[in-house]
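Asker: Turn this into a model:
(one chain, ligands or ions: 1)
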Amino acid sequence: MASAMPMISGNKPASAAEGISKPPQGLKPLHFELLSARLKSCPDKLQEVLRRLLVFLCLPLLACWLLSSAAWAQEREPLEVYQTRRAALQEKLDEGLFILFGNEESAGSEAYFRFRQESNFYYLTGYDGPGAVLVLAPPVARPSSTSTVSTHPREILFLPRRDPQQEQWTGPKLDPANPSTAALTGFGVTKETEALESELRRYAQTYRTVYTLLANPHGSEIEQALAKERISQLRAIFPSADIRDARRELARLRQVKSETELNLIRRAVDCTEDGLQAAAKEVKAGLFEYEIAALIKYTFERKGCLWPSFDPIVASGPRSTILHYNRNTARMESGDLIVMDVGAEYSRYAADITRTLPVNGRFTPRQREIYEIVLGAQKAAIQAIRPGVKFSELQRIAYNYINSHGKDSKGDRLGKYFTHGLSHHVGLDVHDAAELGAELQPNMVITVEPGIYLPDENFGVRIEDMVLVTKSGGLMLTEKLPREVEEVEGWMEW
Ligand SMILES: [Mn+2]
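Answerer: Model (predicted):
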């Protein structure tokens, strides 16, 4: 998926992005009915003892079930990994208190859409439930005489009190009051969010700096309004503290991927490649764009990538010049090009790949000419990837290549038709968190996606691959898919 021309750092709005987490409905009531039926055959006192034992045993089991990856087609990293990330963040934030709000769930019968955790929250906790708040309280060198903060736990996960009515709609949640919850989530302490304000007021006596996420200028209006509301609440609790944005420090951590993160990204890449392979064999005149989009999404899900990382862009003919066209409602015609810009998500990690094909299996000479310029620009940029290089340098290389090859219908240079950013990071978000203007480092995963869009010729071409930055260069993660003209035409003949 193409990114805006000025490279943005930060997250794609949660509303547009996707994740995994819906407990299978009905499991809990069924189990409880069966067990209660058996209990009814026991004498009263024994019944009560057994009932208590059952509750005592069931809660940890329920919690295990909620958190176990085996039950979910979702992998999670070992809890120590998240602890290490929190420790790394604390180090960067010096003596500041860190407060991070997770995403909320829609209420009751209005919960039509699945819950997706805020990506920074997920990165730091692996916790995929709604309404949680993370507080990191580093030791302070100069505690004030009235403060007891130095003896407070350094990490607290606040979770909402269990709500049986809400759970009827969206399934069971962990209980912050249950001692096993702390161990299951990898925290020393879990508390009820109802106690958050009073806890923060105690911290206000000690901390002069509070880090949180300030409103993301690239977020949706609703997200921005919610963030501003929370900031004003924090200002009321911490009237004399300096409230700062932690986004940059989080981005610095998130932009460099661990081996386990790379494995999850590779799984998302596999699903995406398979989706495009399936699509390439089916593309033909007369089919609708949505039929191809459906095949791609079906392939993702069959391969265990339960959600796309963004709505598939399947754009044929003149629509291929619209960067984020995702209506996918038109019929493909012979002679059209089709741009398929799609990504699957695996265990929260995204992929993002684009291929451009001729609907009838053969490029026209003009389409081929433009395609080869885009490919040449992409190869030149990928060649230049190595630690220390900046996005702006890769962008310049791709732009210069496009601007020095070929002409438009009026004989002008083509640079002005490359209208978006060349690269973005990929990870928990499809446009992943990254520090603005940072140099490339080993274990970053980026896209390289030049494009030329010619509305007056009714076609656009974009080619997008994902590249892992290594110590010495760039490693294509999406090499399985054809890119050369002959390969693409042959691909469609299978
Ligand atoms: Mn992209």
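
Asker: where's the spatially closest residue to Gly335 that is not a sequence neighbour relative to the ion, distance?
Answerer: Distance criterion C-beta to C-beta, 6 or more residues apart in numbering; nearest residue to Gly335, sequence neighbours excluded, is Asn360 at 6.5 Å. C-betas here are computed from N, CA, C, even on glycine. Using C-beta to the ion, to the nearest Å, Asn360 is found at 27 Å from the ion.

Asker: Near the ion, which residues of the protein? Just list them.
Answerer: 1, 352, 447 (C-beta under 5 Å from the ion).

Asker: Could I get those in JSON lines, plus columns for neighbour count?
Answerer: Below are these laid out as JSON lines (neighbours: other C-beta atoms under 10 Å):
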{"residue": "Met1", "neighbour count": "27"}
{"residue": "Asp352", "neighbour count": "29"}
{"residue": "Thr447", "neighbour count": "27"}
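
Asker: Secondary structure element holding the most centrally placed residue in the chain?
Answerer: Centroid check for the chain by C-alpha atoms, centre = their mean gives Asp429 as the closest residue, at 2.6 Å. Assessed by DSSP states H and E, Asp429 sits outside every helix and strand.

Asker: Asn120 is in contact with that one, correct?
Answerer: No - counting by C-beta atoms under 8 Å, Asp429 does not reach Asn120; the two are 9.7 Å apart.

Asker: what about the residue in the stretch 51-200 of the chain positioned nearest to the ion, distance to Ile243?
Answerer: The ion sits closest to Ser119 of the stretch 51-200 of the chain, with a gap of 16.5 Å, by C-beta to the ion. Distance, Ser119 to Ile243, using C-beta to C-beta, to the nearest Å: 21 Å.

Asker: swap in Arg331?
Answerer: Per C-beta to C-beta, Arg331 is found 53 Å from Ile243.

Asker: again, but for Val339
Answerer: 43 Å.

Asker: Could you do Ile296 as well?
Answerer: According to C-beta to C-beta, Ile296 and Ile243 sit 43 Å apart.

Asker: dump the residue contacts of the nearest residue to Ala438 once chain neighbours are set aside.
Answerer: Nearest in space to Ala438, with sequence neighbours left out and distances taken as C-beta to C-beta, 6+ apart, is Gln255 at 6.8 Å. Residues in contact with Gln255 (C-beta atoms under 8 Å, 6 or more residues apart in numbering) are 425, 427, 432-435, 438, 441, 444.

Asker: Give me the buried entries from those residues.
Answerer: Neighbour counting with 16 or more other C-beta atoms under 10 Å marks 425, 427, 432-435, 438, 444 as buried within the contacts of Gln255.

Asker: Tell me who's in contact with the residue lying closest to Glu75 once chain neighbours are set aside.
Answerer: Sequence neighbours aside, Ser347 is the residue nearest to Glu75 in space, at 4.2 Å (criterion: C-beta to C-beta, 6+ apart). By C-beta under 8 Å, 6+ apart, the residues touching Ser347 are 20, 74-76, 264, 267.

Asker: do Leu454 as well
Answerer: Leu454 neighbours (C-beta under 8 Å, 6+ apart): 321, 370, 408-409, 417, 460.

Asker: again with Ile322
Answerer: Counting by C-beta under 8 Å, 6+ apart, Ile322 touches 315, 460.

Asker: could you redo the last one with a cut-off of 10 Å?
Answerer: Neighbour list for Ile322: 313, 315, 339, 453, 455, 460 [criterion: C-beta atoms under 10 Å, 6 or more residues apart in numbering].

Asker: residue of the stretch 101-250 of the chain with the smallest distance to the ion?
Answerer: When scored by C-beta to the ion, the stretch 101-250 of the chain has His218 as its residue closest to the ion, at 15.0 Å.

Asker: right, and that residue touches Ala4 too?
Answerer: Yes - with contact defined as C-beta atoms under 10 Å, His218 reaches Ala4; the gap is 8.4 Å.

Asker: So for these two, which residues contact both of them?
Answerer: His431.

Asker: Doesn't Ala293 belong to a strand?
Answerer: No - counting by DSSP: H, G, I helix; E, B strand; the rest coil, Ala293 falls outside a strand, being helix.
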